[in-house]
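J.: Below: sequence and its predicted model.
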Amino acid sequence: ALDDAVMEGFPLVKGMTKLTISNVMDETRSSFPIQVQAGLQTSESILHGDTVVLVGPQGLSLEHPNSPGVCGGFDWVTPGNLSSYEGDPLCPCNPSHGDFINDIADCALSWRSNVTDMAFSELQFAVRGANSDKKPRIARNYWVAQHWRDGALLPRGALLVQVLSPAGFDFTSATTEEPHRVHAVVNNTDKSQVLAKTEILAGQRVSITLHGVVLSPLGG
């Protein structure tokens with residue numbers, strides 16, 4: 001969160017090669033507007049019709065205070081040889097998608113690419129926002145960047161399976177059917193987990209079977 005700390009971004013599912021968020025004026029808490037400069041690089045090229053979404057910590061709004069859905073003080077910061085972008089993003093702040101316990105709305109910046117003459121992967125921009133006047137939950141106090149194409153999140157989803165108990169599961173030989181694939185395996189005394197890259201479209205129900213899993217000596 002911009003209020004509490006400065007730290008490097010880290011991937012949960014590697015959809016972004018880079019994500020940096022800067023609180024330009026070093027404003028904290030909710031009494032002042034904040035000036036945000038963001039830079040991101042997607043793991044796949046951004047094509048015509050793709051959508052890039054940036055969601056701030058819960059309750060942080062990038063929406064213009066007098067123009068619903070419009071990003072406040074938005075400006076492209078052009079990287080490299082990309083001389084211009086086509087169209088500005090939207091910044092809807094929808095209370096119906098928020099946290100009903102804390103009554104804090106989820107807000108997002110969303111940009112659909114209309115660039116037709118080249119493929120690129122890096123975006124940089126500046127935007128003004130405001131922190132929530134209520135403290136967000138720790139689990140939602142971070143930034144998220146997403147890259148969407150044809151209704152699917154890129155990479156097209158991932159499934160993480162972690163065994164909490166008993167110890168001793170072995171996913172070393174785990175496999176699954178195409179188009180899904182096992183991407184990474186962790187086997188140690190603390191935890192056993194497998195990460196499968198999946199081809200799942202938005203709203204689609206999918207059954208995924210893992211083969212070759214060795215159960216713990218204590219069973220499963």
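T.: Yep, that arrived.
J.: ok, Ile138 - how many residues close by?
T.: By the measure other Cβ atoms under 10 Å, the count of residues near Ile138 is 10. All C-beta spots, glycine's among them, are computed from the backbone N, C-alpha and C.
J.: Give the closest residue to Gly59 in space, chain neighbours not counted.
T.: Of all residues not flanking Gly59 in the chain, Ser132 sits nearest, at 2.6 Å (Cβ to Cβ, 6 or more residues apart in numbering).
J.: same thing with Gln146?
T.: Val53 (4.4 Å).
J.: which secondary structure elements does the longest strand seen in the chain contact?
T.: If you go by DSSP state E, the chain has its longest strand at strand 34-46. Applying 3 or more Cβ pairs under 8 Å, 6 or more residues apart in numbering; DSSP states H and E, one finds that strand 34-46 contacts strand 16-23, strand 51-55, strand 120-129, strand 144-149, strand 152-154.
J.: Format those strands as a markdown table; extra columns: mean pLDDT and mean neighbour count.
T.: Shown next, in a markdown table, are the helices and strands packed on strand 34-46 (pLDDT from 0 to 100; neighbours: other Cβ atoms under 10 Å):
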| stretch | mean pLDDT | mean neighbour count |
| --- | --- | --- |
| strand 16-23 | 81 | 16 |
| strand 51-55 | 89 | 19 |
| strand 120-129 | 87 | 20 |
| strand 144-149 | 85 | 18 |
| strand 152-154 | 75 | 17 |
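J.: Please convert those to TSV, extending it with distance to Thr209.
T.: As requested, those are exported to TSV (distance: least, Cβ to Cβ, whole Å):
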stretch	distance to Thr209
strand 16-23	29
strand 51-55	31
strand 120-129	34
strand 144-149	26
strand 152-154	21
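J.: which one of the ones you listed lies closest to Phe74?
T.: strand 120-129 (4.9 Å; Cβ to Cβ).
J.: Just list what the closest one packs against, helices and strands only.
T.: Using 3+ Cβ pairs under 8 Å, 6+ apart: strand 120-129 touches strand 34-46, strand 67-76.
J.: If I average pLDDT within each of those strands, which one is lowest?
T.: Ranked by mean pLDDT, those bottom out at strand 34-46, with a mean of 85.
J.: in stretch 42-51, what counts as buried?
T.: Thr42, Ile46, Asp50, Thr51 (16 or more other Cβ atoms under 10 Å).
J.: Show me which of those residues is closest to Asp75.
T.: Ile46 (18.7 Å).
J.: list the contacts for that closest one?
T.: Counting by Cβ atoms under 8 Å, 6 or more residues apart in numbering, Ile46 touches Val52, Ser113, Val115, Ala119, Phe120, Ser121, Leu123, His147.
J.: ok, now with 7 Å
T.: Counting by Cβ atoms under 7 Å, 6 or more residues apart in numbering, Ile46 makes contact with Val52, Ser113, Ala119, Phe120, Ser121.
J.: which residue sits closest to it, ignoring its sequence neighbours?
T.: Of all residues not flanking Ile46 in the chain, Ser113 sits nearest, at 5.3 Å (Cβ to Cβ, 6+ apart).
J.: Does the one you found touch Gly87 like I think?
T.: No - contact criterion Cβ atoms under 7 Å: Ser113 and Gly87 do not qualify, at 8.2 Å.
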